[in-house]
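Colleague: Sequence plus predicted model, see below.
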Amino acid sequence: MTELEAINTLLGVIGEAPIDRLSDTTVNEITDSALARRTLHEVSRDVQAEGWSWNTDYNVELQKDSTNQFPISSDSLQVLFSPNRYPDSRYVARGSRVYDRAQRKFDFGDDVASLIVDQIVMLLPWEQMPHAAQQYITIRAARIYSDRYVNSNIIYTYTAQDEEYARTMLIRAEEREGRNNMLWGNDRGIGSGLGYIPAEGTRFRFH
């Protein structure tokens, strides 16, 4: 599914004609297609922020800049440091930089050459997401879009049912990707009973 197809799905839900090109969201354009695209981007960020196998990287090394600070990429949604590597959760992400809570500063001086991020959740562009994620984001965005600008209970009920089904399919795809097994855990090295990635939602599930 392309982003244009997704936006046309949103427009179709409120009874608008499809478009043949994407709207420019960098300008203050107030059109149905521009509002649909902004809603799609908003929902995409919210869904991806949960943290899934396809947008989560592990053991990412950060390098200092010329000011002895550790910048964080603007497309990072979550930056988590392992308490095993850095006790007392000393390092956290604040804004676009790493913050040292023990020293209460962003400037690391010459003491720390590099940092290892245990997990980093990235905001991926539309074309890099799997189909199940695109489908769920599209349907969820369509429900929000129609509720904001049409406020029809009939449309809301219909798309809410679709949204529930699409999320179920996304979680099933996530489980298949992880290849969870009650005997040896999964391919990511997570032991048995620790579940799938989204928000660590089933981390303590028992098989």
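Modeller: Arrived safely, thanks for sending.

Colleague: Can you show me the strands along the chain?
Modeller: For the chain, the strands identified by DSSP state E occupy 56-63, 76-80, 91-94, 97-100, 114-122, in order along the chain.

Colleague: In CSV, list the ones you listed along with mean pLDDT, distance to N151 and mean neighbour count.
Modeller: Heads up, the C-betas are built off the backbone N, CA and C, glycines and all. As requested, those are exported to CSV (pLDDT from 0 to 100; distance: least, C-beta to C-beta, whole Å; neighbours: other C-beta atoms under 10 Å):
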stretch, mean pLDDT, distance to N151, mean neighbour count
strand 56-63, 94, 36, 13
strand 76-80, 95, 30, 18
strand 91-94, 94, 37, 17
strand 97-100, 95, 41, 18
strand 114-122, 95, 33, 18
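
Colleague: which one of these lies closest to Y149?
Modeller: Relative to Y149, the nearest member of the strands of the chain by C-beta to C-beta is strand 76-80, separated by 26.6 Å.

Colleague: now for the strands of the chain, which one comes closest to S146?
Modeller: Among those, strand 76-80 comes nearest to S146, with 26.0 Å by C-beta to C-beta.

Colleague: Can you list the strands that that closest one pairs with?
Modeller: In its sheet, strand 76-80 lies beside strand 114-122 (antiparallel), with partners assigned from DSSP bridges.

Colleague: in this structure, which spans are helices?
Modeller: When secondary structure is read from DSSP state H, the chain shows helices at 3-13, 32-48, 131-149, 153-178.

Colleague: and of the strands of the chain, who's closest to T2?
Modeller: Using C-beta to C-beta as the measure, strand 114-122 is the one of the strands of the chain that comes nearest T2, at 20.6 Å.

Colleague: And the closest one, how far out from the chain middle?
Modeller: Relative to the centre of its chain, strand 114-122 is centred 15 Å away, using C-alpha atoms, centre = their mean, to the nearest Å.

Colleague: Compute the inter-axis angle for the least confident helix or strand in the chain by mean pLDDT and helix 32-48.
Modeller: When the helices and strands of the chain are compared on mean pLDDT, DSSP states H and E, helix 153-178 comes out lowest with a mean of 82. Helix 153-178 runs at 40 degrees relative to helix 32-48, counting by axes from the mean of the first three to the mean of the last three C-alpha atoms, to 10 degrees.

Colleague: Can you list the buried residues in helix 153-178?
Modeller: Of the residues in helix 153-178, those buried by neighbour count under the rule 16 or more other C-beta atoms under 10 Å are 155-156, 159, 162-163, 166-167, 170-171, 173-175, 177-178.

Colleague: of those residues, closest to N59?
Modeller: G178 (17.8 Å).

Colleague: pLDDT weak spots in the chain?
Modeller: Within the chain, the stretches falling below the threshold (pLDDT under 70) are 156, 178-207.

Colleague: can you tell which of the helices of the chain is closest to V112?
Modeller: With C-beta to C-beta as the measure, helix 32-48 is the member of the helices of the chain nearest V112 (29.3 Å).

Colleague: what sits up against the closest one?
Modeller: Residues external to helix 32-48 that are found in contact with it (C-beta atoms under 8 Å, 6 or more residues apart in numbering): 3, 6-7, 10-11, 14, 16, 19, 22-25, 55, 77, 121-124, 126, 129, 133, 136-138, 140-141, 144-145, 148-149.
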